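Chemist: Starting from these lines, generate the structure:
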Amino acid sequence: MKKFLFAALASIAAATCQPAFAQEIIIKAGHTNVTDSIQDKALQKLRELVEDKTGGKATIEIFPNGQIGDEGQLVEGTLLGTVQMAMTSNSLLSNFVSELRVLDMPFLFPDVETLSVALQGPAKEKLRASAAAAGFRLIGSYSSGIRHLMTKKDINEIGDLENLKIRTMQQPMHIEAFRAYGANPTPMAYSELYGAMQSGIVDGAEGATSDYRGQRFYEVASHFSLVGWLNLTAHIFMSEATFSALPAEVQTALLEAGEESAVWQHQYVIEQEQPLLAELREEGVSIVEPDTTAFRDASLPLYDKFLETESQRELFELLQ
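Modeler: Numbers count the residues shown, from 1 in each chain. Below is the predicted model of the structure:
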């Protein structure tokens, strides 16, 4: 009798627990930025919105600082199914989705407001379709800020870059851009940059204000020139297979939350820029605003060179 009662109670307990576990969906998301960076904040907002829209049935577990892989490993892991969700720079993802190279064209967007409007406009569906054709589900597109120059001397004009070793991403257009500006582009991993500037392996780098402040690069390159050569984006994405395996209501929640978190994050980036510059000035950083006309003129040939396909040119027109 006791054995029967124990078995019955165990069955009831198991039946009661199973639906609760079945409804709990945890999506693990990796990125390489530091905790509470502007990109990490966006993922935190995405998590909050997904939890709200699903009534707590789904959530996102965030792994910052490259804990589950560098950007290349995150993209490849997403396609292989070993990474559920990832956020990487547009520059890296464009190696897999060639249309995205358009977003890396120099001086394409003058400010984050313009970028935000463009990403929510007619280009949005083209971006999603291009990503889907390569096996990715694009959840949202965040801002990584406008990129400037961090160096050991002021860059007041394009000629001041002559022969300087400037760290760039391992991305052909970035390399060619800085070659056009007269610099000696030096691709290297972002994780190596602080030490490389400290030791003189490179004379400087291009980067966003938030990273310059957050990564404390000003300690080894105390001159910040507001060139604004690139308005960089970062995408949050999953493989199409992983996304499609989720319940329909979670898919809907993710897509809605992706758009809403992107709009929120773009505004957050805008609001952070001036306070960050003020903090840098307090740290003794020399901040200059050079005339960018010569930089823009030197960038124009890159459009003809790197807009290679009709699909890329179509996206370029939609972004305008």
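
Chemist: Following the chain onward from the helix or strand bottoming out on mean pLDDT in the chain, which element is next?
Modeler: When each helix and strand of the chain is scored by mean pLDDT, DSSP states H and E, helix 2-23 comes last, with a mean of 36. Sequence-wise, the next helix or strand downstream of helix 2-23 (DSSP states H and E) is strand 25-30.

Chemist: Show me where the protein has its strands.
Modeler: In the chain, the strands defined using DSSP state E lie at 25-30, 58-63, 85-89, 136-151, 165-168, 184-187, 204-208, 223-239, 286-288.

Chemist: Sheet partners, orientation included, of the third one?
Modeler: Looking back up the chat, that one is strand 85-89. In the sheet, strand 85-89 lines up against strand 25-30 (parallel), strand 223-239 (antiparallel) (DSSP bridges).

Chemist: Out of those, which gets nearest to residue 198?
Modeler: Of all those, it is strand 223-239 that lies closest to residue 198, at 14.7 Å by Cβ to Cβ. In this view, the C-beta of every residue, glycine as well, is placed from N, C-alpha and C.

Chemist: Could you check the angle that closest one makes with strand 58-63?
Modeler: For strand 223-239 against strand 58-63, the angle by axes from the mean of the first three to the mean of the last three Cα atoms, to 10 degrees is 140 degrees.

Chemist: and strand 223-239, average pLDDT?
Modeler: Mean pLDDT, strand 223-239: 96.

Chemist: Can you list the neighbours in contact with stretch 148-167?
Modeler: By Cβ atoms under 8 Å, 6 or more residues apart in numbering, the surrounding residues in contact with stretch 148-167 are 178, 181-188, 193, 196-197, 201-209, 212, 217-218, 221-229, 286, 288, 290-291, 294-295, 298.

Chemist: Could you rerun that using 7 Å?
Modeler: 178, 181-186, 188, 193, 196, 202-207, 209, 212, 217, 221, 223-228, 286, 288, 290-291, 294-295, 298 (Cβ atoms under 7 Å, 6 or more residues apart in numbering).

Chemist: I'd assumed residue 210 was in contact with residue 272.
Modeler: Yes: here residue 272 reaches residue 210: they are 6.4 Å apart, a contact under Cβ atoms under 7 Å.

Chemist: neighbour-wise, which of the two wins?
Modeler: Higher neighbour count among residue 272 and residue 210: residue 210, with 22 against 16, using other Cβ atoms under 10 Å.

Chemist: What is the burial count for residue 71?
Modeler: Neighbour number of residue 71 under other Cβ under 10 Å is 24.

Chemist: who's residue 225 bridged to?
Modeler: Those that pair with residue 225 in a beta bridge, by DSSP bridges, are residue 149, residue 288.

Chemist: Pull up the gap between it and residue 214, please.
Modeler: Applying Cβ to Cβ, to the nearest Å, the value for residue 225 to residue 214 is 19 Å.

Chemist: next one: residue 143
Modeler: Taken as Cβ to Cβ, the span from residue 143 to residue 214 is 15 Å.

Chemist: ditto for residue 180
Modeler: 29 Å.

Chemist: now do residue 257
Modeler: For residue 257, the distance to residue 214 - Cβ to Cβ - is 25 Å.

Chemist: Which residues does stretch 183-196 contact?
Modeler: By Cβ under 7 Å, 6+ apart, stretch 183-196 touches 161, 163-170, 175, 178-179, 202, 205, 215, 217, 220.

Chemist: and stretch 191-207, which residues are buried?
Modeler: 193, 194, 196, 197, 202, 203, 204, 205, 206, 207 (16 or more other Cβ atoms under 10 Å).

Chemist: which intervals of this protein have sub-threshold pLDDT?
Modeler: 1-23 (pLDDT under 70).

Chemist: what about the helices in it?
Modeler: Applying DSSP state H to the chain gives helices spanning 2-23, 38-53, 71-80, 90-93, 112-119, 123-133, 172-180, 193-199, 209-214, 240-244, 248-282, 293-306, 310-319.

Chemist: Same list, those helices, but as JSON lines with distance to residue 102 please.
Modeler: What follows is the helices of the chain, written out as JSON lines (distance: least, Cβ to Cβ, whole Å):
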{"stretch": "helix 2-23", "distance to residue 102": "40"}
{"stretch": "helix 38-53", "distance to residue 102": "21"}
{"stretch": "helix 71-80", "distance to residue 102": "18"}
{"stretch": "helix 90-93", "distance to residue 102": "9"}
{"stretch": "helix 112-119", "distance to residue 102": "11"}
{"stretch": "helix 123-133", "distance to residue 102": "9"}
{"stretch": "helix 172-180", "distance to residue 102": "10"}
{"stretch": "helix 193-199", "distance to residue 102": "26"}
{"stretch": "helix 209-214", "distance to residue 102": "23"}
{"stretch": "helix 240-244", "distance to residue 102": "21"}
{"stretch": "helix 248-282", "distance to residue 102": "18"}
{"stretch": "helix 293-306", "distance to residue 102": "8"}
{"stretch": "helix 310-319", "distance to residue 102": "5"}
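
Chemist: Which among those helices is found nearest to residue 30?
Modeler: helix 71-80 (5.2 Å).

Chemist: between that closest one and strand 136-151, what angle do the directions make?
Modeler: 180 degrees.

Chemist: Noted, bye for now.
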